[in-house]
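I'll drop the sequence and a predicted model, then ask my questions.
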Amino acid sequence: MMRVNWDDFNRKNRDKTRAFEDMCRILFLRKYKLSSYDYDYNYNQAGLEFEPIYDVESKQWCGAQCKYFSDEANSTKYAQIYKSLKKAFNYYKGKLDVVIIYTNAQLQHICTEEEIMS
């Protein structure tokens, strides 16, 4: 089996960000057993990639955020993610319980407040 890495992905996609976001949208819809035919979305809602969906199994509203990074410092990455999440949870108050973050970056599960606020 051929192993694909980020270098391969970058070589094969001129618009890396768009290709990454498209791939993540497909993964998100597959996770919730939807197809692009079942779900109509406008690109980039407030803090999310598209409107939240209601997952009947978990009884939660779920959204997705895709972040493709090239060479930014980790503190910038955390700040961008935090800004998007804050925007999403404020905008979709009562209609958003879970946000799945898709990223090509190697991030830690725990970060400092300084990393978030920089």
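That came in fine, so what should we check first?

mind listing what Glu114 touches?
With contacts defined as CB atoms under 8 Å, 6 or more residues apart in numbering, the neighbours of Glu114 are Ser75. Heads up, the C-betas are built off the backbone N, CA and C, glycines and all.

assign a three-state SS to it, would you?
The assignment at Glu114 comes out as helix when based on DSSP: H, G, I helix; E, B strand; the rest coil.

adjacent strands (with direction) for the helix or strand containing Cys66?
Here Cys66 sits within strand 60-67, counting by DSSP states H and E. Strand pairing for strand 60-67, determined by DSSP bridges: strand 53-55 (antiparallel), strand 98-103 (parallel).

how far is that strand from where the chain is centred?
6 Å (CA atoms, centre = their mean, to the nearest Å).

heads up, I number from 2, so please use that
Right, with 2 as the first residue, what we last looked at is strand 61-68.

mean confidence for that strand?
Averaging pLDDT along strand 61-68 gives 94.

quick one: contacts of it?
With CB under 8 Å, 6+ apart as the criterion, strand 61-68 contacts 21-22, 25-26, 29, 33, 48-56, 78, 81-82, 85-86, 89, 93, 96-106.

please consider this matter closed, and thank you.
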